[in-house]
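Peer 1: Need a 3D model of the following:
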Amino acid sequence: MKLQGFGISILLLVSLYVNEAVQICAKMVGVFLDGMLKWH
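Peer 2: Residues are numbered from 1 along each chain as shown. Purely as a prediction, here's the structure:
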């Protein structure tokens, strides 16, 4: 039972990190596209 709880906590941590990474990537892509539009 302890191992299952451990796995769930790891999954939660991973999902949090993935969410952060996705948000950072989205911001970078948004800034990049914004820059491309301004230059053209």
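Peer 1: so how far is A21 from S15?
Peer 2: Using CB to CB, to the nearest Å, S15 is found at 11 Å from A21. (Glycine included, C-beta is placed from N, CA and C.)
Peer 1: what's the answer for G35, then?
Peer 2: If you measure G35 against A21 using CB to CB, the figure is 21 Å.
Peer 1: cool, L37 as well?
Peer 2: The gap separating L37 from A21 is 25 Å, by CB to CB.
Peer 1: what's the helix or strand for V14?
Peer 2: Under the assignment given by DSSP states H and E, the secondary-structure element containing V14 is helix 2-39.
Peer 1: tell me the mean pLDDT for that helix?
Peer 2: Per-residue pLDDT values across helix 2-39 average out to 93.
Peer 1: Now do that helix: distance to the chain's middle.
Peer 2: Taking CA atoms, centre = their mean, to the nearest Å, one finds helix 2-39 lying 0 Å from the centre of the chain it belongs to.
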